[in-house]
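Participant: Only the shape, not the letters, is given here:
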């Protein structure tokens, strides 16, 4: 995937108050259907200093920044390495997609090490994340007075990402790539509409016109949860390896 990042993203990385393990682009740009007015979602992992995590005070583990300079709307969220690692060991699809995003603004060797571990952290229970996400998006769509393209694309993106993950063990968040296999013609048309329009672009038809296909995919994801080759849980040795990674990046960072 080739994408030119605006300089504001690199500037935000350099201005971050803590050393970053990685920073990647998520959101509509990662999913393959950004509108001209889409914001840039930058996600990553930072490392708090050793003294901050050893003292009596509980440090904030998440750093966030929203900025709009008139040209680029930026939404930056990073987690400390320990918090991110804890999330990685759950059925959290968000952190998998952020860590393995091909849209890399900043990386380090530690990023590559954690990405290699992450690919082995996928379990059948990640289906819960994607089933919940896609149902929430559909409910949001049905509540809208003027149904928009965006939540419908998110509903299909999440159910297809979940299906791909359960069937292959690989993370794929780009809806255009996913639809190459799903072959739903209306998705290609709606992605084009979203890319050429705005974030609030209205749907050309009512949600009911797309619901049968969405329900079919949700049922397939529920079935895939039962039949997948993915394990029930993260192996203990892998949990220890992720924990060791946290300790190592913390200690290494404190030496610099």
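Facilitator: Thanks, I have it. On a predicted model such as this, the values are computed, not experimentally measured, just so you know. Residues are numbered from 1 along each chain as shown.
Participant: Contact partners for residue 204?
Facilitator: By C-beta atoms under 8 Å, 6 or more residues apart in numbering, the residues touching residue 204 are residue 193. Bear in mind the C-beta positions are built from the backbone N, C-alpha and C, glycine included.
Participant: Look up how far residue 178 lies from it.
Facilitator: As judged by C-beta to C-beta, to the nearest Å, residue 204 and residue 178 stand 21 Å apart.
Participant: Next, count neighbours for residue 118.
Facilitator: Using other C-beta atoms under 10 Å, residue 118 has 20 other residues around it.
Participant: got a pLDDT number for the residue nearest to it when sequence neighbours are not counted?
Facilitator: Distance criterion C-beta to C-beta, 6 or more residues apart in numbering; nearest residue to residue 118, sequence neighbours excluded, is residue 99 at 5.3 Å. At residue 99, the pLDDT value in this model is 98.
Participant: count of neighbours near residue 99?
Facilitator: Residue 99 has 24 nearby residues by other C-beta under 10 Å.
Participant: my guess is it contacts residue 115, does it?
Facilitator: Yes - assessed by C-beta atoms under 8 Å, residue 99 is found in contact with residue 115 at 5.7 Å.
Participant: Quick one: the strands in the stretch 51-200 of the chain, in order.
Facilitator: With strands called from DSSP state E, counting those that start in this stretch, the stretch 51-200 of the chain shows them at 62-68, 73-80, 104-106.
Participant: Report all helices and strands that the last one contacts.
Facilitator: Translated: strand 104-106. In terms of contacts (3 or more C-beta pairs under 8 Å, 6 or more residues apart in numbering; DSSP states H and E), strand 104-106 is packed against helix 7-15, strand 20-26.
Participant: re the thing from before, so who does the residue nearest to residue 118 touch?
Facilitator: Here residue 99 is in contact with 22, 24, 45, 84, 88, 111, 114, 115, 118 (C-beta under 8 Å, 6+ apart).
Participant: now residue 5: how far from residue 114?
Facilitator: 22 Å.
Participant: brain fart, residue 60
Facilitator: Residue 60 sits 21 Å away from residue 114, going by C-beta to C-beta.
Participant: same question, residue 123
Facilitator: 17 Å.
Participant: on that earlier part again, who has more neighbours, residue 60 and residue 114?
Facilitator: residue 114 (25 against 11).
Participant: Once you drop chain neighbours, what's closest to the more buried one?
Facilitator: The shortest distance from residue 114 to any residue other than its chain neighbours is 5.8 Å, reached at residue 245 (C-beta to C-beta, 6+ apart).
Participant: and the helix or strand harbouring the one you found, average pLDDT?
Facilitator: Residue 245 belongs to helix 236-255 when assigned by DSSP states H and E. Helix 236-255 carries an average pLDDT of 93.
Participant: Likewise for stretch 162-177?
Facilitator: pLDDT averaged over stretch 162-177 gives 98.
Participant: Endpoint to endpoint, it covers what distance?
Facilitator: Stretch 162-177 has an end-to-end distance of 14 Å (criterion: C-alpha to C-alpha, to the nearest Å).
Participant: Report the buried residues of it.
Facilitator: 162, 163, 164, 165, 166, 167, 169, 171, 172, 173, 174, 175 (16 or more other C-beta atoms under 10 Å).
Participant: Inside helices: which ones of the residues you listed?
Facilitator: Counted as lying in helices by DSSP state H, out of those, are 162, 163, 164, 165, 166, 167, 175.
Participant: quick one, what contacts residue 248?
Facilitator: The contact partners of residue 248, by C-beta under 8 Å, 6+ apart, come to residue 110.
Participant: Distance of it relative to residue 69?
Facilitator: Relative to residue 69, residue 248 is positioned 37 Å away (C-beta to C-beta).
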